[in-house]
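Peer 1: Sequence and predicted structure are below.
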Amino acid sequence: MKSKFNSQRLLEAIPGIITWIVLTSPLWAGILLPKAYGVFIILIVSYWVMKGIRFLVLFFYSYYRINQAKRIDWLKKLDEIKLEDGILDYKKLKFIVLLPFASEPKNVIESVIVSLKNQNIDTKQILILLATEARFPQGFEVANDLKREYEKYFGGFFINVHTLVEGEIAGKGSNANAAAKYMQGIIDENYDIEYTTILYTDSDSIYIPFAFSYFAYLFVQDKNRYSKFWSGAMNYMQNFWDLPFFSRILNSAFSFYNIPNIVLSETRFIQISSFFFSWKLFEEIGYSDCDIISDDYHIFYKALFKHFEKTKTEAMYMIIGSDACEGVGIQDTFKKQFRQIERWSWGIEDFPYCVRNTVATLKNRNISIKSKLYILLRVIPPFWNHQMWPISGIFIGISILAISIFTVTNSTSTFWLNLSNFVTISFSFATLTIIINLIASLLLRPNMPMRYTNLKGAKKYYEYGKLFILELLNWYLLPYYIFLLSGLPSLFSHTRLMLGKYIGFRLTEKK
């Protein structure tokens with residue numbers, strides 16, 4: 001047991017060690033190996049510029065596909081499918097909506113239920129499974145109220161109360177695991193597992209009316225339907241107009257990132273927060289784990305090491321609405337946003353699990369070369385992104401300062417002068433990125449509330465002018481927000497995991 005423990009701790013420490021080596025490199029590499037450090041800066045800056053260009057191109061492509069999908073009558077396309085070999089009859093499908101929640105108020109959960117009620121598919125095919133927590137008894141009351149009001153619209157409405165036991169981490173994973181085990185018995189007795197699917201959703205995700213017919217169209221025709229996931233782009237802007245300006249801008253940037261990311265379904269896209277897949281796959285992988293915080297990524301990895309190259313996350317070109325975390329005032333919102341990003345970046349906790357399973361896969365002679373290469377293709381990029389999370393948010397800023405110092409102290413060196421010019425020119429590209437982010441924000445945000453649109457005369461122009469100036473100012477400050485509310489929280493995650501200071505699940509409170 002001791003060797004296993006040491007092995008686990010070593011693997012947990014590796015991402016944090018790499019992060020700190022890179023972040024402190026200006027202090028040691030810049031002095032001991034200045035030219036090598038300068039070349040490293042060129043490589044890092046070039047990488048981020050190329051990545052930025054790629055994301056800008058993919059954003060416009062993805063947004064084009066999202067608008068295309070809106071114009072398609074997915075229910076009509078379903079009816080036009082010929083029921084040949086290997087194609088399922090969509091009218092026999094059951095959609096179990098697994099919605100874990102804790103202390104969220106009724107209006108938050110109700111918004112999700114209403115969006116499900118408004119689906120253009122027969123809602124009697126939808127089964128609601130509300131997963132509540134025993135330690136929050138008000139959650140059970142909310143679930144019962146919703147059942148009384150909305151049960152008539154669906155094919156079933158179930159409630160499970162989860163009691164935390166030793167060895168479990170309080171959170172979505174353990175709650176969903178208990179609810180899934182409860183639901184499994186109902187499925188075994190009443191439904192055909194081949195036709196049973198699941199929407200694993202956050203408590204505040206809002207779905208467009210054709211979400212289920214869109215998913216059904218993809219699912220019934222897919223030969224690998226029992227080993228795949230389907231998801232859209234998460235958009236954290238439902239409560240945009242209620243947020244402080246820094247949070248509006250930051251969550252606009254997060255939403256912008258999610259849109260081009262769904263295009264990369266073959267290599268990088270892994271479902272987050274809210275997604276569809278088959279219940280058969282959920283059962284095969286043993287549901288969600290009870291001791292994992294980043295349950296969405298972990299569910300993908302469990303499927304990946306079971307089905308190898310058949311495991312993919314396929315893009316659904318649609319927006320899934322969600323709230324950004326919101327506190328009482330600027331300070332409280334800042335604190336909650338920081339903790340949420342720390343929890344998101346805690347996905348690095350899967351590093352030991354993936355290393356062990358990848359090594360075991362590579363050693364297994366019964367597994368094909370194709371499967372082994374696919375495992376590497378699907379494991380390395382996400383962890384590269386996790387590794388670069390604190391580095392991108394902190395290191396580049398530190399390096400720019402270090403280069404300025406080295407340029408001044410080595411004023412006769414053409415190397416440092418040219419490096420300084422290269423970095424300056426490269427990061428002028430960041431201005432274009434911010435402009436595109438702003439355009440994306442305008443496209444994705446909800447309409448202005450009546451407290452603005454109902455204004456008249458001079459007061460209207462004053463308020464609109466103030467909003468315009470404050471928003472531009474905050475977009476200018478976006479790099480600093482990325483540093484404070486992306487770089488630092490992810491650095492905390494890497495460091496805590498490195499030191500064995502586990503964060504536990506932290507609920508993102510919704511209003």
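Peer 2: It's in.

Peer 1: start to end distance for stretch 151-164?
Peer 2: In stretch 151-164, first residue to last residue: 27 Å (C-alpha to C-alpha, to the nearest Å).

Peer 1: who touches it?
Peer 2: Applying C-beta atoms under 8 Å, 6 or more residues apart in numbering, the contact partners of stretch 151-164 are 94, 116-117, 123-135, 140, 143-144, 147, 150, 170, 174-175, 178-179, 182-183, 186. Glycine gets a C-beta too; all of them are placed from N, C-alpha and C.

Peer 1: For that stretch, buried residues please.
Peer 2: Neighbour-count burial for stretch 151-164 flags 153-162, 164 (criterion: 16 or more other C-beta atoms under 10 Å).

Peer 1: Show only the entries of those found in strands.
Peer 2: Counted as lying in strands by DSSP state E, out of the buried residues of stretch 151-164, are 156-162.

Peer 1: any idea which of these is closest to residue 55?
Peer 2: Minimum separation from residue 55 among these (C-beta to C-beta) is found for residue 162, which lies at 38.5 Å.

Peer 1: Bridging across strands, which residues link to the closest one?
Peer 2: residue 133 (DSSP bridges).

Peer 1: Return the item of the buried residues of stretch 151-164 having minimum pLDDT.
Peer 2: The lowest pLDDT within these belongs to residue 164, with 89.

Peer 1: distance of that residue from residue 63?
Peer 2: 42 Å (C-beta to C-beta, to the nearest Å).

Peer 1: go on, residue 347?
Peer 2: Residue 347 sits at a distance of 26 Å from residue 63 (criterion: C-beta to C-beta).

Peer 1: Pick out whichever of the two has more residues nearby.
Peer 2: residue 347 (24 against 20; other C-beta atoms under 10 Å).

Peer 1: Go ahead and report the secondary structure state at the more buried one.
Peer 2: Recorded secondary structure, residue 347: helix (DSSP: H, G, I helix; E, B strand; the rest coil).

Peer 1: Quick check: closest non-adjacent residue to it.
Peer 2: residue 294 (3.8 Å; C-beta to C-beta, 6 or more residues apart in numbering).

Peer 1: Return the member of the buried residues of stretch 151-164 nearest to residue 493.
Peer 2: Checking the buried residues of stretch 151-164 one by one against residue 493 (C-beta to C-beta), the nearest turns out to be residue 164, at 22.8 Å.

Peer 1: For the helix or strand where residue 141 lies, name the packing helices and strands.
Peer 2: Using DSSP states H and E, residue 141 maps to helix 137-150. If contacts are counted by 3 or more C-beta pairs under 8 Å, 6 or more residues apart in numbering; DSSP states H and E, helix 137-150 sits against helix 106-117, strand 126-133, strand 156-162.

Peer 1: for these, which one ends up most surrounded?
Peer 2: For the helices and strands packed on helix 137-150, ranked by mean neighbour count under the definition mean count of other C-beta atoms under 10 Å, the leader is strand 126-133 at a mean of 25.

Peer 1: relative to strand 156-162, how tilted is that strand?
Peer 2: Inter-element angle recorded for strand 126-133 and strand 156-162: 20 degrees (by axes from the mean of the first three to the mean of the last three C-alpha atoms, to 10 degrees).

Peer 1: starting at the chain centroid, how far to strand 126-133?
Peer 2: Centroid separation for strand 126-133 versus its chain: 22 Å, with C-alpha atoms, centre = their mean, to the nearest Å.

Peer 1: Tell me the helices and strands packed up against it.
Peer 2: Using 3+ C-beta pairs under 8 Å, 6+ apart: strand 126-133 touches strand 94-100, helix 106-117, helix 137-150, strand 156-162, helix 172-190.

Peer 1: Pretty sure residue 233 sits in a helix.
Peer 2: No - assigned with three-state DSSP, residue 233 falls outside any helix and is strand.

Peer 1: Specify the beta-bridge partners of it.
Peer 2: residue 319.

Peer 1: What separation is there between it and residue 474?
Peer 2: Distance, residue 233 to residue 474, using C-beta to C-beta: 23 Å.

Peer 1: same deal with residue 316?
Peer 2: Distance from residue 316 to residue 474, by C-beta to C-beta: 31 Å.

Peer 1: likewise residue 451?
Peer 2: Where residue 474 is concerned, residue 451 sits at a distance of 20 Å (C-beta to C-beta).

Peer 1: higher neighbour count, those two?
Peer 2: The neighbour count for residue 451 versus residue 474, taken as other C-beta under 10 Å, is higher for residue 474 (19 against 9).

Peer 1: Hmm, the more buried one is touching residue 249, no?
Peer 2: Yes - using C-beta atoms under 8 Å as the test, residue 474 is close enough to residue 249 to be in contact (4.6 Å).

Peer 1: Need the residues touching each of the two.
Peer 2: Contacts common to residue 474 and residue 249, judged by C-beta under 8 Å, 6+ apart, are residue 481.

Peer 1: quick revisit: can you put the ones in strands among the buried residues of stretch 151-164 in TSV and add distance to residue 327?
Peer 2: Output for those, formatted as TSV (distance: C-beta to C-beta, whole Å):
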residue	distance to residue 327
156	36
157	32
158	33
159	29
160	30
161	28
162	26
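
Peer 1: Tell me the helix or strand right after the helix or strand harbouring residue 469.
Peer 2: Per DSSP H and E: residue 469 is located in helix 457-476. Next helix or strand after helix 457-476 toward the C-terminus (DSSP H and E): helix 478-482.

Peer 1: buried sites along whatever helix or strand comes next after that next one?
Peer 2: Proceeding N to C from helix 478-482, the next assigned helix or strand is helix 488-499, under DSSP H and E. Burial within helix 488-499, assessed by neighbour count using 16+ other C-beta under 10 Å, is assigned to 488-498.

Peer 1: Restricting to C-alpha, output helix 488-499 in PDB.
Peer 2: Output of helix 488-499 as PDB, limited to C-alpha atoms (Å, rounded to 0.1, in the frame of the first residue of the first chain):
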ATOM      1  CA  LEU A 488      -3.800  32.400 -10.200                       C
ATOM      2  CA  PRO A 489      -6.800  30.000  -9.400                       C
ATOM      3  CA  SER A 490      -5.300  27.300 -11.700                       C
ATOM      4  CA  LEU A 491      -1.900  27.900 -10.100                       C
ATOM      5  CA  PHE A 492      -3.500  27.300  -6.700                       C
ATOM      6  CA  SER A 493      -5.000  24.000  -8.000                       C
ATOM      7  CA  HIS A 494      -1.700  22.700  -9.300                       C
ATOM      8  CA  THR A 495       0.000  23.700  -6.100                       C
ATOM      9  CA  ARG A 496      -2.600  22.200  -3.800                       C
ATOM     10  CA  LEU A 497      -2.600  18.900  -5.700                       C
ATOM     11  CA  MET A 498       1.200  18.900  -5.600                       C
ATOM     12  CA  LEU A 499       1.100  19.400  -1.800                       C
END
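
Peer 1: who touches it?
Peer 2: 12-13, 15-17, 19-20, 23, 338-339, 341-342, 345-346, 348-349, 386, 389-390, 393-394, 502-503.

Peer 1: chain center to it, what's the gap?
Peer 2: Remark: helix 488-499 is offset 18 Å from the chain centroid, using C-alpha atoms, centre = their mean.

Peer 1: same check, this time on stretch 333-342
Peer 2: For stretch 333-342 - counting by C-alpha atoms, centre = their mean - the centre lies 15 Å from the chain centre.

Peer 1: can you check stretch 18-29 too?
Peer 2: The chain centroid and the centroid of stretch 18-29 are separated by 28 Å under C-alpha atoms, centre = their mean.

Peer 1: neighbours around residue 352, how many?
Peer 2: Other residues near residue 352 come to 19 when the count uses other C-beta under 10 Å.

Peer 1: Could you confirm it falls within a strand?
Peer 2: No - Residue 352 is assigned helix when assessed by three-state DSSP, not a strand.

Peer 1: Would you agree it is in contact with residue 11?
Peer 2: Yes - counting by C-beta under 8 Å, residue 11 is a contact partner of residue 352 at 3.7 Å.
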